[in-house]
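> sharing a sequence plus its predicted fold:
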Amino acid sequence: MGIWHSDGLRFGADYNPEQWPESTWAEDVELMRQAGVNLVSVGIFSWALLEPTPDRYEFGWLDRVLALLHDGGIAVDLATATASPPPWLAHRHPETLPRRADGTLLWPGARQAYCPSSPVFRQRSLALVEALATRYTDHPAVVMWHVSNELGCHNTHCYCDVSAEAFRGWLRERYVDLDRLNEAWGTAFWSQRYHDWAEINPPRTAPTFVNPTQQLDFLRFSSDEHRAQLRAEREVLHRLTRHPVTTNLMLGDGGRYLDYHSWADDMDLVSNDHYLTAADPQAHVGLALAADQTRGVAGGAPWLLMEHSTSAVNWQPRNLAKTPGQLRRNSLAHVARGADGVLFFQWRASRAGAEKFHSAMVPHAGTQTKVFREVCRLGSDLRALGEVRGSRVDADVAILVDAEARWGAELDAHPTVDLDYAERLRSWYDAFWRCGTTVDVVHPSADLTGYRLVVVPTLYLVRDPDVDALDRYVRQGGTVLVTFFSGIVDEHDHIRLGGYPGAFRDLLGVRTEEFFPLGEGERVNLDDGCTADVWAELLHPLGAEVMSGYADGPLAGVPAVTRHPYGSGVAWYVGTRLDRAGTARLVARLVTESGVQPPVPSPSGVEVVRRRTDGRSWLFVINHTEQDVTVGATGMDLLTGRSHDPEVTVPAGEVVVIRESSPPEG
Ligand code: GAL
């Protein structure tokens with residue numbers, strides 16, 4: 001059995017049989033078959049059971065579980081089990097524990113209590129990977145390997161002495177000599193010049209603002225340390241086994257301090273975990289964004305949804321249960337956006353431990369439940385959708401995102417605390433979602449050829465080659481929209497001088513001489529009827545046309561939105577935070593002007609995405625509204641087997657997936 005299932009998409013969960021008496025396991029497999037499960041991740045948090053004392057391995061229980069699963073026809077994504085070290089590690093090696101910036105030690109008793117730079121952790125974890133890989137390399141149930149679990153979820157940054165030494169090593173490699181580091185960090189400021197590498201520390205809690213480039217480099221270093229764990233485990237797995245290796249990312253908000261773009265080549269298959277934010281009334285739009293970001297990391301290739309929830313989680317302030325049908329809409333929205341498998345955390349709801357109130361495929365109440373019924377329905381849906389496997393998502397628009405630009409933009413001592421990178425990204429993304437346009441969410445270094453429109457929200461930090469690529473893209477006929485606080489600094493967080501937005505002045509045909517952030521809650525009017533808040537700037541057009549300006553506020557009469565014909569293309573600039581209507585109006589205009597087409601026109605609240613592969617295409621229509629809707633589509637709905645021509649009615653809250661009779665040009 002390969003990683004991709006021959007009959008439908010992948011469907012399953014994290015399976016933690018060690019939490020249950022062995023007598024439950026046969027029933028688990030039976031119920032999995034009933035639900036259509038065909039892939040489970042096993043052993044993620046099993047280190048303490050697999051290696052109860054150093055170098056003494058107990059694989060008997062895992063042998064028995066894998067045999068049962070295999071007999072039941074269920075494939076296994078085998079975890080390396082390194083996600084959470086056993087208590088004996090910290091007991092014998094307290095120096096493996098992580099510390100916060102203020103020196104607080106993080107004790108064992110939860111999970112992931114290890115310093116990512118600890119050589120002892122690295123050595124012990126790789127020994128376990130080696131033992132597992134050796135034992136299970138030819139096991140017929142195993143089809144892929146799952147490195148750790150959400151690397152860096154709880155121990156993203158460690159400031160202990162071991163980390164300090166590793167940070168110095170990382171800096172030596174990056175800068176080679178101290179003069180270069182001093183230059184990059186701007187240490188002439190505040191008497192920070194270093195004369196010896198040993199004087200350098202992580203950005204620990206200090207009397208006031210810590211050197212921003214030191215902070216930025218520490219964020220880069222920390223992401224690299226987790227990446228190094230991934231690479232080290234993968235190296236062992238590649239040496240000993242032949243199956244693809246993944247690790248579950250946290251694209252959504254969880255992974256904000258991990259530069260996943262730089263990890264892309266370290267996974268044979270990209271997988272992601274996504275949980276809805278209960279407090280977000282449009283959480284399905286956040287889901288779509290996370291899925292599009294995952295596809296971006298995967299370079300457009302199919303990916304796996306490694307975890308999401310069947311209903312409530314347990315870790316938000318108010319853990320809302322999913323309403324009937326929501327589990328299905330969520331799952332199929334991931335598939336629409338490129339997932340070739342849908343897995344949950346977890347198979348059976350725990351009866352003990354910190355996650356006992358987290359939903360699962362088999363709830364505490366058993367199988368006579370809304371959740372289990374919906375799980376079974378989803379299993380049969382995914383079987384029916386098998387033919388979409390391997391196809392790709394159509395998108396004419398790219399939004400550029402960059403972890404480092406976000407880290408830089410959100411450092412302390414900036415013009416305003418009200419600028420929130422994730423909010424800016426989400427607000428532009430929302431506007432495209434609402435007008436039915438599918439976007440790719442990609443790194444600034446991605447190949448932009450083929451996109452009709454590129455959106456650049458708050459790309460505060462930008463590297464020269466990416467500036468040049470964007471410039472070329474527009475000269476050759478592309479349309480770009482750049483928003484405020486973009487192009488401000490280089491990779492060292494040094495200001496690009498001569499007026500903002502330094503990197504993009506020529507492209508945009510504007511020069512800003514001063515930022516005018518607005519007061520808390522202050523709102524200004526624009527002369528086109530929109531309002532704006534948070535940000536304004538004293539901007540001079542240098543070739544750009546003024547599309548709208550401030551009607552009042554500190555900059556009355558100054559341009560706010562500009563448009564600059566450049567080469568064969570056009571470059572727009574938005575120098576403020578437009579309200580929702582203004583954002584929507586601008587996006588609608590850009591979409592029309594650049595010739596972007598939605599897959600098919602659809603009413604508001606209806607998500608439509610097209611996947612295609614040579615000569616065939618499928619239209620996913622997800623109705624998030626409480627009314628039945630009709631959209632134009634001709635072909636067969638794979639979920640019901642019914643044919644539709646020339647339109648299909650999608651009942652409130654339902655989903656259709658049409659195999660299109662004549663795939664449109666793409
Ligand atoms: C994920 C994690 C799982 C589980 C889940 C609960 O972050 O990988 O192990 O804790 O959250 O929502």
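Great, that's in hand.
> what parts of this structure come near the ligand?
Selection of the chain residues close to the ligand by C-beta under 6 Å from any ligand atom yields 149-150, 153, 273, 275, 307, 313, 345, 355, 358. C-betas here are computed from N, CA, C, even on glycine.
> sitting in strands, which of those residues do you find?
Judged by DSSP state E, strands contain the following of the residues of the chain next to the ligand: 273, 307.
> residues contacting the residue of the stretch 401-550 of the chain found nearest the ligand?
Proximity to the ligand, evaluated over the stretch 401-550 of the chain using C-beta to the nearest ligand atom, is greatest for A422 at 17.8 Å. By C-beta atoms under 8 Å, 6 or more residues apart in numbering, A422 lies in contact with 253, 256, 406.
> how about a markdown table for those residues, with pLDDT added?
Output for the contacts of A422, formatted as a markdown table (pLDDT from 0 to 100):
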| residue | pLDDT |
| --- | --- |
| D253 | 73 |
| R256 | 94 |
| R406 | 98 |
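> filter those down to the buried ones and hand me the PyMOL line.
Buried residues among the contacts of A422 (16 or more other C-beta atoms under 10 Å), as a PyMOL selection:
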select buried, resi 256+406
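> thinking again about what came up before, helix or strand for the residue of the stretch 401-550 of the chain closest to the ligand, just tell me which one.
Element membership of A422, judged by DSSP states H and E, is helix 421-434.
> so what touches whichever helix or strand comes after that helix?
Sequence-wise, the next helix or strand downstream of helix 421-434 (DSSP H and E) is strand 439-442. Under the criterion C-beta under 8 Å, 6+ apart, residues 289, 292-293, 295-296, 300, 393, 395, 397-401, 429, 432, 446, 451, 455 lie in contact with strand 439-442.
> check stretch 138-149 too.
By C-beta under 8 Å, 6+ apart, stretch 138-149 touches 1-3, 39, 41, 44-45, 66-67, 69-70, 74-80, 82-84, 133, 136, 229-230, 233-234, 237, 241, 243-248, 269, 306.
> ok, back up a step: which of the contacts of strand 439-442 fall in helices?
Among the contacts of strand 439-442, DSSP state H puts 289, 292-293, 295-296, 429, 432 in helices.
> outline the domain layout of the chain.
For the chain, the domain assignment from automatic domain parsing gives the residue ranges 10-388, 397-594, 606-660.
> related to what we said a few turns ago, among the contacts of stretch 138-149, which lie within strands?
The strands, defined by DSSP E, take in 39, 41, 75-79, 245-246, 248, 306 from the contacts of stretch 138-149.
> grab the two from those residues that are most spread out in space.
Greatest spacing in these, by C-beta to C-beta: A75 and N248 (16.7 Å).
> more neighbours: which of these two?
When neighbours are counted by other C-beta atoms under 10 Å, N248 comes out ahead of the other of A75 and N248, with 29 against 22.
> what's the neighbour count on the residue nearest to that one when sequence neighbours are not counted?
In this structure, N248 finds its nearest non-sequential neighbour in M306, 4.1 Å apart by C-beta to C-beta, 6 or more residues apart in numbering. By the measure other C-beta under 10 Å, the count of residues near M306 is 32.
> kindly report the same for the one 5 residues further on.
The number of residues packed near S311 is 21, by other C-beta under 10 Å.
> right, and it touches T323 too?
No - assessed by C-beta atoms under 8 Å, S311 is found out of contact with T323, at 9.3 Å.
> can you pull the phi and psi angles for I622?
Note on I622: its backbone torsions stand at phi -120, psi 120 [degrees, to the nearest 10].
> burial check on the closest residue in space to it that isn't next to it in sequence, number of neighbours?
Nearest non-adjacent residue to I622, counting by C-beta to C-beta, 6+ apart: E607, 4.2 Å away. Look at E607: counted by other C-beta under 10 Å, it has 24 neighbours.
> so how far is the ligand from E607?
Going from E607 to the ligand by C-beta to the nearest ligand atom, to the nearest Å gives 24 Å.
> ditto for W145
Distance from W145 to the ligand, by C-beta to the nearest ligand atom: 16 Å.
> okay, and that residue sits in which element?
Secondary structure (DSSP H and E) places W145 in strand 142-146.
> could you point out which element follows that strand?
Going down the chain from strand 142-146, the next helix or strand is helix 161-175, by DSSP H and E.
> now do the buried residues in that following helix.
For helix 161-175, burial by neighbour count (16+ other C-beta under 10 Å) applies to 162-164, 166-168, 170-171, 175.
> Three-state assignment for the residue nearest the centre of the chain, please.
Nearest to the mean C-alpha position of the chain, counting by C-alpha atoms, centre = their mean, stands L251 at 1.7 Å. Following DSSP: H, G, I helix; E, B strand; the rest coil, the label given to L251 is coil.
> and the gap between the closest residue to it other than its chain neighbours and the ligand?
The shortest distance from L251 to any non-neighbouring residue, by C-beta to C-beta, 6+ apart, is to Q293 (4.5 Å). Distance of Q293 to the ligand, given as C-beta to the nearest ligand atom: 16 Å.
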